[in-house]
Structure formats: C-alpha cells, structure tokens
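*Asks:* model the structure of this input:
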Amino acid sequence: MAYCKNCGKEISDEAVVCPHCGVQVKQLATTTTSGGADDTGGFGWGLLGFCIPIVGLILYLVWMNSKPLNAKAAGTGALIGFVLGVISGIISATLGA
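*Replies:* This is a model prediction of the structure:
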C-alpha cells in the first residue's frame, strides 16, 4: 500500500487519485480505445457540451471513469452552456415583460 502525499492516508498502489482528498497521486496514462481516439480532454468535447448541454452531461456520466479528461471537458462545457442558457432566459423574460 502507498500513502497520499497530500493527506497522508493509505491508498491503493494502483490509485491515480486519492479517494480521500481527491488529489492526483499518479500521472494519468493516455487511454486509447479500439477506435483509436484517446483521452485528451479536447476542446471539441467542451464545445459539444456547451452547444448541447444534455449531450455533455451524458458524455460526462458515461466517460467519468474510462476517459476522465474527455469527461471533464464535456461536463465543463455542459455546465457553462446550461448556466449561460439560464441567464439568457432570465434576461429575455425580464426584457420581454
């Protein structure tokens, strides 16, 4: 067993992120799928999540364990798109009334 450098608690030798404090303890290896796409956390996934937030949320939930960088990009894009959509809806309703 290993110990987290941040919180000092005992963690698994295979752990990439400390389950206690969430700090990354090992460098993430690039994950490659059978289709050849890798887990780069690319801008395209964030843009897709921004334009269609429900797709970003679904991709985040599907990929959060297998492709964490792509999942984070899609989830962040979805969150930003949703928040801006709500803000623009409030502004539109206020100006329209």
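*Asks:* please make it C-alpha for all contacts and neighbour counts, starting now.
*Replies:* Fine.
*Asks:* F43 against G75, yeah?
*Replies:* No: under the contact definition of Cα atoms under 8 Å, F43 does not touch G75, with a separation of 11.7 Å.
*Asks:* between the two, who's got more neighbours?
*Replies:* In this view F43 and G75 are compared by other Cα atoms under 10 Å, and G75 has more residues nearby, 28 against 13.
*Asks:* report the contact partners of the more buried one.
*Replies:* Remark: with contacts taken as Cα atoms under 8 Å, 6 or more residues apart in numbering, G75 is in contact with 46, 49, 56-57, 59-60.
*Asks:* for it, give its distance to A93.
*Replies:* In this view, G75 and A93 are 27 Å apart by Cα to Cα, to the nearest Å.
*Asks:* what of K9?
*Replies:* Between K9 and A93 the computed distance is 51 Å (Cα to Cα).
*Asks:* returning to that earlier point: narrow the contacts of G75 to those in helices?
*Replies:* Secondary structure assignment (DSSP state H) places 46, 49, 56-57, 59-60 from the contacts of G75 within helices.
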